[in-house]
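Peer 1: Predicted model follows, preceded by the sequence.
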Amino acid sequence: MPIRSLLCMFFWGAFCFLYGETSLQLQPPDWARLDAFQGTLSKGKFKQTLHQVYCPRVSWYQDWIKLNEKEVLIRKKRGQDSWYALSFSDENQTISKNSDLLSADKKNTLNGVRIALDPGHIGGQYSEMEGRHFALNGSFPVKEGDLALSVAVRLKEKLSDLGATVKLIREKNEPVTVLRPNDFADEAEIWVRQRELLLKKMFNAEERAKLVRKRREVLFYRISEIHARAKLVNEVIRPDLVICLHLNAAPWPDPEQFELVKRNDFHVLVNGCFMGGELSDDNQRFEMVFRLVNRWNEAEKEIAEHLSHAFIHKTNLSIFNYKGPNALKVGDVPGVWARNLLANRSYHCPVVFLEPYVANSSDAYERIMLGNYKGKKKMNGEWKESLVEEYADSVLVGIKNSLLPDRK
Ligand SMILES: [Zn+2]
């Protein structure tokens, strides 16, 4: 059958933010923010958390982090012999912190719990630029950003009914950042020039113009956008938990023939698995240690595991497993992995990042085309809620089971 795609979109979702880039000029980290955590973690606890969640390979961190007997030294600035010293507590004195989020007395409601929902990407008129867009046979286009916002709107209603204070990080299919691609003309030009120097070749005029345009766009929709969201989360919303809502997509088997794939799966991400190159970045190194000493990994794992169970029970999705070194299996519950993404390391609170449904699978696509409806419709002999409703319900069940364990 003839298939027309508005955009050759190979993959999105789990493959977003592949390089965890931070190319915009950032302030150097304020290492004094670690002062409050002096003597709060034992060496055993620090090392175990480092290896099981944040950095599984000694070779990735040994140039940046040194575990001594009484303290951990963290290199403050790349290329300099200047270290922040964080003292350990005695081995049996690590405070048994079971995150405030999980241990608060909620009297069977989520009153007082502040949850920020982060609909992935921007959607709307930016979905093609973001590469989160496809359309088959002239049908209505599938836009990840728009779907994520629809899920967020429904989920906000459901969580608010339980008493939570819920904020959407974006409420429209529009950017949070006030900057636009043209604001990054100089940075894009410099980046392309650096690539030419690195590759020892000059791009021709056409290649060059395309690279500059692409770079401006990435700096806008990915990097500037996520930094703007982080500022909103960390300085204004100040939530107890962020839930990042995405849908996955699979590579098209044949880029010339956009045929829907069979694979339709899910996974849930917590922050972690910082690789060597990422730890060489001063800001990323700080963010990793800051997350570790705050012990946000404990709440992230607990909530992610309940979310994974909810998706297993409420959907027919299979479980996605990573094969490469950029993700680390966390705990024993299937579907829960750690990855270091700009969006899950920049929010200063526990963050869970959801990647259910492969939007270009035949099953998910058919459901997306039915739109968001009330009740159930029959699909291939089975009565099904709309995909948006099923997604929001699954998250609701996972959150209830993790934060309100007595209310199952
Ligand atoms: Zn995504």
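Peer 2: Structure received.
Peer 1: next one: the lowest-mean-pLDDT helix or strand in the chain to chain centre, how far?
Peer 2: Lowest on mean pLDDT, DSSP states H and E among the helices and strands of the chain sits helix 100-103, with a mean of 73. Chain-centre distance of helix 100-103: 22 Å, with Cα atoms, centre = their mean, to the nearest Å.
Peer 1: Please export the C-alpha coordinates of that helix as PDB.
Peer 2: Provided in PDB are the C-alpha atoms of helix 100-103 (Å, rounded to 0.1, in the frame of the first residue of the first chain):
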ATOM      1  CA  ASP A 100       9.600  11.900  52.700                       C
ATOM      2  CA  LEU A 101       7.400  11.300  49.700                       C
ATOM      3  CA  LEU A 102       7.000   7.600  50.600                       C
ATOM      4  CA  SER A 103       6.900   7.800  54.400                       C
END
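Peer 1: Tell me how this protein divides into domains.
Peer 2: Per the record, the chain has its domains at 13-17+96-174+240-407, 177-224, by automatic domain parsing.
Peer 1: Tell me which of those is the most buried.
Peer 2: Highest mean neighbour count among the domains of the chain (mean count of other Cβ atoms under 10 Å): domain 13-17+96-174+240-407, with a mean of 20. For glycine as for every other residue, the C-beta is placed from the backbone atoms N, C-alpha and C.
Peer 1: Please, where are all the strands along the stretch 1-150 of the chain?
Peer 2: Along the stretch 1-150 of the chain, counting by DSSP state E, counting those that start in this stretch, strands occupy 65-67, 71-75, 83-87, 114-119, 133-134, 142-143.
Peer 1: quick one: which of the ones you listed is nearest residue 339?
Peer 2: Checking these against residue 339 by Cβ to Cβ gives strand 114-119 as the closest, at 15.3 Å.
Peer 1: Report all helices and strands that the closest one contacts.
Peer 2: helix 144-161, strand 165-168, strand 241-245 (3 or more Cβ pairs under 8 Å, 6 or more residues apart in numbering; DSSP states H and E).
Peer 1: repeat that for 10 Å
Peer 2: Secondary-structure packing of strand 114-119 (3 or more Cβ pairs under 10 Å, 6 or more residues apart in numbering; DSSP states H and E): helix 144-161, strand 165-168, helix 225-231, strand 241-245, strand 351-354, helix 387-403.
Peer 1: To residue 61, which of these lies closest?
Peer 2: That would be strand 351-354 among these, by Cβ to Cβ, at 21.3 Å.
Peer 1: near the ion, anything from the closest one?
Peer 2: No: against the ion, strand 351-354 shows no contacts by Cβ under 5 Å from the ion, the least distance being 9.1 Å.
Peer 1: next structured bit after that strand?
Peer 2: helix 362-369 (DSSP states H and E).
Peer 1: in the stretch 251-400 of the chain, what residue is nearest the ion?
Peer 2: residue 355 (7.3 Å; Cβ to the ion).
Peer 1: Which residue, other than its chain neighbours, is closest to the closest residue to the ion within the chain?
Peer 2: Residue of the chain nearest the ion, by Cβ to the ion: residue 246 (3.5 Å). The shortest distance from residue 246 to any residue other than its chain neighbours is 3.8 Å, reached at residue 120 (Cβ to Cβ, 6 or more residues apart in numbering).
Peer 1: Touching, the one you found and residue 245? I think so.
Peer 2: Yes: under the criterion of Cβ atoms under 10 Å, residue 120 lies in contact with residue 245, with a separation of 5.8 Å.
Peer 1: what residues are shared contacts of those two?
Peer 2: Common neighbours of residue 120 and residue 245, counting by Cβ atoms under 10 Å, 6 or more residues apart in numbering, are 144, 147-149, 151-152, 169, 353-355.
Peer 1: How far does stretch 117-124 stretch from one end to the other?
Peer 2: Counting by Cα to Cα, to the nearest Å, you get 18 Å between the two ends of stretch 117-124.
Peer 1: Verify the stated contact: residue 59 with residue 65.
Peer 2: No: using Cβ under 10 Å, residue 59 makes no contact with residue 65, being 11.7 Å away.
Peer 1: So for those two, which sits in the more crowded spot?
Peer 2: When residue 59 and residue 65 are compared on other Cβ atoms under 10 Å, the one with more neighbours turns out to be residue 65, at 22 against 8.
Peer 1: what's across from the closest residue to the more buried one other than its chain neighbours in the sheet?
Peer 2: Spatial nearest neighbour of residue 65, chain neighbours left out: residue 74 (5.5 Å); criterion: Cβ to Cβ, 6+ apart. Taking DSSP bridges, one finds residue 65, residue 84 as the beta-bridge partners of residue 74.
Peer 1: which residues sit in contact with residue 74?
Peer 2: Each residue near residue 74 by Cβ under 10 Å, 6+ apart is listed here: 29, 31, 34, 61, 64-66, 83-86, 279, 285-286, 288-289.
Peer 1: ok so, going back, ok, which pair from the shared contacts of residue 120 and residue 245 is furthest apart?
Peer 2: The widest separation within the shared contacts of residue 120 and residue 245 (Cβ to Cβ) is 17.3 Å, between 169 and 355.
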